[in-house]
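In: Fold the following and give me the result.
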Amino acid sequence: MILRIDHIGVVTGEPSALAPFLGALGMSKIDEGIADSYRTACEFWRAEAGEPMIELVSPAEPGSVLDGHLSRNGPGLHHVAVEVDDIDGELDRLRAAGFRPVDLAPCAGARSDMLVAFTYLPKPAGLLVELVQYG
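Out: Down below sits the predicted model:
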């Protein structure tokens, strides 16, 4: 079951340059980490506890999954992440509903105890959706 929106992912090649703007929006960085499988650095920002976060995602090293996205599209909105209670079950359900799998199986995310898997809805939205399960 989908529990809530966990975060909105924003891709950038310059996360430190965005920090003052997120601060102006009343947000503070609450966590950061590396998603090794994707070679991405992730910063998590939030205004208030319990509210959805903004995740700044940037290439952590050459060969990052973000390299192509940044060269084709530049910085901007990247994905919507929803927290789920059964990531495998939700992957199956969304595939049956027409989402294309990006990840065939969940992998470790950038935060401790975080499993993630991406799916994509090409039409009518062109929407990348990340499933997140904690614990």
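In: What is the one helix or strand residue 130 maps to packed up against?
Out: With secondary structure defined by DSSP states H and E, residue 130 is part of strand 127-134. The contact analysis (3 or more CB pairs under 8 Å, 6 or more residues apart in numbering; DSSP states H and E) places strand 127-134 against strand 2-11, strand 76-84, helix 87-96, strand 114-121. Every C-beta, even on glycine, is put in place using the N, C-alpha and C of the backbone.
In: Nearest to residue 23 among the ones you listed would be which one?
Out: strand 2-11 (14.7 Å; CB to CB).
In: CA-only coordinates of the closest one in PDB, if you can.
Out: C-alpha atoms of strand 2-11 as PDB (Å, rounded to 0.1, in the frame of the first residue of the first chain):
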ATOM      1  CA  ILE A   2       1.200   3.500  -0.700                       C
ATOM      2  CA  LEU A   3       1.500   5.300   2.600                       C
ATOM      3  CA  ARG A   4       2.400   8.900   1.700                       C
ATOM      4  CA  ILE A   5       4.500  11.100  -0.500                       C
ATOM      5  CA  ASP A   6       8.100  10.700   0.900                       C
ATOM      6  CA  HIS A   7       9.900  13.300  -1.200                       C
ATOM      7  CA  ILE A   8      10.200  15.100  -4.500                       C
ATOM      8  CA  GLY A   9      13.500  14.500  -6.300                       C
ATOM      9  CA  VAL A  10      15.300  17.500  -8.000                       C
ATOM     10  CA  VAL A  11      18.300  16.700 -10.100                       C
END
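In: contacting residues around stretch 2-12?
Out: Residues from elsewhere that reach stretch 2-12 (CB atoms under 8 Å, 6 or more residues apart in numbering): 18, 44, 52-58, 66, 69-70, 75-85, 90, 128, 130, 132.
In: If we use 6 Å, what do you get?
Out: The contact list for stretch 2-12, computed with CB atoms under 6 Å, 6 or more residues apart in numbering, reads 18, 52-58, 66, 69, 75, 78-84, 132.
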